[in-house]
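*Asks:* I'd like to go over a predicted model; first the sequence, then the structure.
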Amino acid sequence: MIALLIILLAFMIIGSLIAIETRDLLSSVICVGAVGMGLSVVFLLLGAPDLAIVQVAVEVLSLIILLRVIVIREDVTIAHRFRHEDVFATSAALVFFGIFLVFAWRTFQQLPAFGQPSLAVSGNYLAHGLSDVNSPNIVTSILLDYRAYDTLGEATVIFTAIIGALAILRTTGRISDERHDPDR
Amino acid sequence: MSGMTLIVKTIARLVVGFIIVFGCCVVLHGHLSPGGGFAGGAMLACGFVLVLLAYGRTETRRIISENRAATWDSLGAFAFLSIALVGYFSGAFFRNFLPLGRQFQLISSGTVMWSNVAIGIKVGACLFAAYLVLAGFRTAEDM
Amino acid sequence: MVLYVLTMVIFLAGLYAAMAKKNIMKTVIGMLIMDYAVNLMLVLIGYRRDGLPPIMTSANEPASAFVDPLPQALIVTSIVIGLAMTALMAALCVRLYQRYGTFDTLHMRKLKG
């Protein structure tokens, strides 16, 4: 089980590295899609079927949106120019990431061991969930009865983000005017 | 954004009914099996986006315009908030005030089912509204 | 433990793409990868070895036979928020492409309109 999870996580790491480094934007988006589908399988193996359903549907929608933005250009490849500032930036980033991983390793030893969660709060939800809310799905009863206030907050965040996207993309009839007169 | 060929349009017309019915089923059975408002709402948005991709933007706007999708979005959010406020006036904010019913029945567990329906409508409408507005921009070959 | 470190490697890969890449679509892809890594990390913390998914079939199972349902409930909403965030970033990229005609962030600083 752990070996299967490690193989899937290695697949996700390789997919994300390819997505970052390749110069063809179309291949990059397809690799991100592969990473998302791998994540859905990992959710299924970790005992979270609700999350796997949501991750698959959301992954398909993200792919459509990214592809729609990418094909707005004529060509989807990136021209590569080697600059000497890039060497310093990349090496500084790698040093920072090494320090980050060292501190992360020391922090993870403080967490409970993998496979034995502490269940400090959810022990109560699992013990009394079926009798309090009468629904067999404990995740839904947490989302909409015990922690419904958090769901209201998250619904507000989704609402605000989509209203922001609608407000940015509002003027669809003035595309050709803006190209000639960009000071408006 | 123009539509696609006749084969794609025919298959989309046959399949979109199943997708929307399955999305509604996942929303309604959220308290009995894995799923719920967010998963069902994402599936409903997928069904609408299939219609948008197959038929093009002008035909889809005739059925659902951006204003109508944004209105359904706001109605879903308002329904969720009103369930919370009715619970407030009968005890606590978000109190489960409807009768709990028997286990494993469809209409049971109080306000959980109605909250799922409100969230499903909200998420499905708002994700589709974002796609409908994004499809209005012409691609590079049209510019 | 190894799984936590691998998840942090995915997060750092996304962070590198968001920080050091000149193309703005790579920044968007980097933020998407960071979102995946954070969601995975929180679900990994709540996993119980040989645990059942938190769907009860009868009323007499002890609470120690299930995986932790609280991280799962919070990550469900977080995944959909990630999609709304991607839609907002895509809207910004479309507007930037209309304004400057390129996705390259170096050129976006030079052109003054």
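*Replies:* That came in fine, so what should we check first?

*Asks:* Report the secondary structure element holding the residue nearest to the spatial centre of chain B.
*Replies:* Centrality entry for chain B: nearest residue to the mean C-alpha point is residue B:124, 2.7 Å, by CA atoms, centre = their mean. For residue B:124, the host element (DSSP states H and E) is helix B:112-134.

*Asks:* Which strands and helices lie in contact with the helix or strand of chain C with the lowest mean pLDDT?
*Replies:* Here the helix or strand of chain C ranked lowest by mean pLDDT, DSSP states H and E is helix C:105-110, holding a mean of 75. With contacts taken as 3 or more CB pairs under 8 Å, 6 or more residues apart in numbering or on different chains; DSSP states H and E, helix C:105-110 sits against helix C:69-100. Backbone N, C-alpha and C define where each C-beta goes, glycine included.

*Asks:* Report the mean confidence score over the helix it packs on.
*Replies:* The average pLDDT within helix C:69-100 is 91.

*Asks:* tell me which parts of chain C are close to chain B?
*Replies:* C:53, C:55, C:76-77, C:79-80, C:83-84, C:87, C:90-91, C:94, C:98 (CB under 8 Å from any CB of the partner chain).

*Asks:* switch to 6 Å and redo it
*Replies:* Neighbours of chain B within chain C, by CB under 6 Å from any CB of the partner chain: C:76, C:80, C:87, C:94.

*Asks:* show me which of the residues you listed neighbour chain A.
*Replies:* Among the residues of chain C next to chain B, chain A is touched by C:76, C:87, C:94 when using CB under 6 Å from any CB.

*Asks:* Quick test: name the residue nearest the centre of chain C.
*Replies:* Taking CA atoms, centre = their mean, chain C has its central residue at residue C:35, 1.1 Å away.

*Asks:* helix or strand for that residue, which one?
*Replies:* Per DSSP H and E: residue C:35 is located in helix C:24-45.

*Asks:* domain parsing for chain A?
*Replies:* A:1-78, A:127-171 (automatic domain parsing).

*Asks:* May I see the ones you listed arranged in TSV, with distance to residue A:114, mean pLDDT and mean neighbour count as well?
*Replies:* Shown next, in TSV, are the domains of chain A (distance: least, CB to CB, whole Å; pLDDT from 0 to 100; neighbours: other CB atoms under 10 Å in any protein chain shown):
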stretch	distance to residue A:114	mean pLDDT	mean neighbour count
domain A:1-78	8	90	19
domain A:127-171	21	88	20
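
*Asks:* Distance to residue A:107 for those - can I get that in a markdown table?
*Replies:* Shown next, in a markdown table, are the domains of chain A (distance: least, CB to CB, whole Å):
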| stretch | distance to residue A:107 |
| --- | --- |
| domain A:1-78 | 19 |
| domain A:127-171 | 25 |
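
*Asks:* Make JSON lines out of these and add distance to chain B.
*Replies:* Shown next, in JSON lines, are the domains of chain A (distance: least, CB to the nearest CB, whole Å):
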{"stretch": "domain A:1-78", "distance to chain B": "4"}
{"stretch": "domain A:127-171", "distance to chain B": "4"}
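
*Asks:* With respect to residue C:67, which of the ones you listed lies nearest?
*Replies:* domain A:1-78 (4.3 Å; CB to CB).

*Asks:* quick one: that closest one to chain centroid distance?
*Replies:* 9 Å (CA atoms, centre = their mean, to the nearest Å).

*Asks:* just stretch B:5-25 next, same as before
*Replies:* Worked out by CA atoms, centre = their mean, stretch B:5-25 lies 15 Å from the chain centre.

*Asks:* ok, back up a step: is it correct that the residue nearest to the centre of chain B is in contact with residue B:41?
*Replies:* Yes. The criterion here is CB atoms under 6 Å, and residue B:124 meets it with residue B:41 at 4.2 Å.

*Asks:* So which residue is dead centre in chain A?
*Replies:* Mean-position check on chain A, CA atoms, centre = their mean. Result residue A:36 at 7.8 Å.

*Asks:* re the thing from before, pull the residues that contact the helix holding residue B:124.
*Replies:* Identification of contacts with helix B:112-134 by CB atoms under 6 Å, 6 or more residues apart in numbering or on different chains yields A:68, A:135, A:144, A:162, A:165-166, A:169, B:27, B:30-31, B:36-38, B:40-41, B:44-45, B:48-49, B:66, B:69-70, B:72-73, B:76-77, B:79-80, B:83, C:87.

*Asks:* same check, this time on stretch B:67-86
*Replies:* Against stretch B:67-86 from outside (CB under 6 Å, 6+ apart): A:155, A:159, B:93-94, B:111, B:115, B:118, B:121-122, B:125-126, B:128-129.
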